[in-house]
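Visitor: would you be able to build a 3D model of this:
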Amino acid sequence: MRRENWVLHEDPHVLFINKPPHISSIPERHQPEAPNLLDSLQQGRDGVFTVHRLDRQTSGVIVFAKTAAAHRSLSLQFQERSADKRYLALTAGHPPTESGEIDAPIASGAGGRMIISKSGKSAITHYQVLERFRGFTLLEARPLTGRTHQIRVHLAHLGTPLATDPLYGADTTLFLSSIKRKGYTPAGREARPLIARSALHAASLRVQHPESGEMLDITADLPKDFQAALNQLRKWG
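Guide: Numbers count the residues shown, from 1 in each chain. So this is what the prediction gives:
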């Protein structure tokens, strides 16, 4: 995806981006020189302020502020849980119910992992099944809180981790051979993965414009890898 195609909405106060996967939202502590979204967006703009983050492998809608006042307003909306965040998640296995609430506190664990712990911070995620396939589920996740790796941790806690998420218990990649009942490998060439990153996409974000008060509901289409995986699941799964 080219940088000029990232912008979903921009005005003097806010900047909504369709973040591609495989790029960090902000500079990483252990790799400060690695390309990141914030540094890229600051080129040619007077100022860009971080409001929230998406994991490096997660695609979809992320909002940045362009003024200090907009930053305060948007940050407060996230803090007060009035920002409506909707994600699409492709999971391994099937959740026990068609919809539900996961209320499980999250704390820091070892090796960059987050864990469910009674001593952790409050974390709540609502989910709704959208489609069921053989061995996989497409669901909508709405996090009410904003803990690190929240959706990934909560879905793993539910027993249905993301279909591709090595940190929380599933595979690193999803191949067509994982979907077709008898397996499949293209003749004469190595099989290419359908998706090779966390199968999570920030599909929409609804916030109040910090200047006009208008409600902005910004959506981002699925990237090619996620859509390709769904196409194959709908065909074979």
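
Visitor: helices along this structure, start to end?
Guide: 37-42, 68-79, 150-158, 224-236 (DSSP state H).

Visitor: ok, which of those helices comes nearest residue 174?
Guide: Of all the helices of the chain, it is helix 224-236 that lies closest to residue 174, at 5.7 Å by C-beta to C-beta. C-beta: built from backbone N, CA, C; applies to glycine.

Visitor: show residues contacting that closest one.
Guide: By C-beta atoms under 8 Å, 6 or more residues apart in numbering, the list of residues contacting helix 224-236 from outside reads 21, 59, 88, 90, 131, 133, 136, 138, 163, 174, 176, 179-181, 194-197, 199, 201, 222.

Visitor: can you show me the CA trace of that helix as CSV?
Guide: The C-alpha atoms that make up helix 224-236 are tabulated as CSV, following Å, rounded to 0.1, in the frame of the first residue of the first chain:
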residue,chain,number,x,y,z
LYS,A,224,-5.8,-8.3,0.4
ASP,A,225,-4.4,-11.0,2.7
PHE,A,226,-7.3,-11.1,5.1
GLN,A,227,-9.8,-11.0,2.2
ALA,A,228,-8.0,-13.8,0.4
ALA,A,229,-8.2,-16.0,3.6
LEU,A,230,-11.9,-15.3,3.9
ASN,A,231,-12.5,-16.0,0.2
GLN,A,232,-10.9,-19.4,0.5
LEU,A,233,-12.7,-20.2,3.7
ARG,A,234,-16.0,-19.4,2.1
LYS,A,235,-15.1,-21.7,-0.8
TRP,A,236,-13.6,-24.6,1.0
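
Visitor: list the buried residues for that helix?
Guide: In terms of neighbour count (16 or more other C-beta atoms under 10 Å), helix 224-236 has its buried residues at 225, 226, 228, 229, 230, 232, 233.

Visitor: now stretch 49-61
Guide: Across stretch 49-61, burial judged by 16+ other C-beta under 10 Å covers 49, 51, 52, 53, 54, 55, 56, 57, 58, 59, 60, 61.

Visitor: nearest to residue 150 among those?
Guide: Nearest to residue 150, judged by C-beta to C-beta, of the buried residues of stretch 49-61 is residue 55 at 10.0 Å.

Visitor: in a markdown table, list the buried residues of stretch 49-61 along with distance to residue 80.
Guide: A markdown table is the format used below for the buried residues of stretch 49-61 (distance: C-beta to C-beta, whole Å):
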| residue | distance to residue 80 |
| --- | --- |
| 49 | 18 |
| 51 | 13 |
| 52 | 13 |
| 53 | 18 |
| 54 | 20 |
| 55 | 23 |
| 56 | 27 |
| 57 | 28 |
| 58 | 23 |
| 59 | 26 |
| 60 | 22 |
| 61 | 19 |
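
Visitor: need the residues you listed in TSV (columns: distance to residue 205 and pLDDT).
Guide: Conversion of the buried residues of stretch 49-61 to TSV gives the following (distance: C-beta to C-beta, whole Å; pLDDT from 0 to 100):
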residue	distance to residue 205	pLDDT
49	16	97
51	10	98
52	9	97
53	13	96
54	10	97
55	15	95
56	18	94
57	18	95
58	13	97
59	13	98
60	8	98
61	4	98
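
Visitor: widest-spaced pair of those residues?
Guide: So for those, where distance means C-beta to C-beta, the most widely separated pair is 49 and 57, at 23.5 Å.

Visitor: residue ranges with poor pLDDT in this structure?
Guide: Counting by pLDDT under 70, the chain contains low-confidence residues at 1-4, 181-190.

Visitor: no further queries at this time; thank you.
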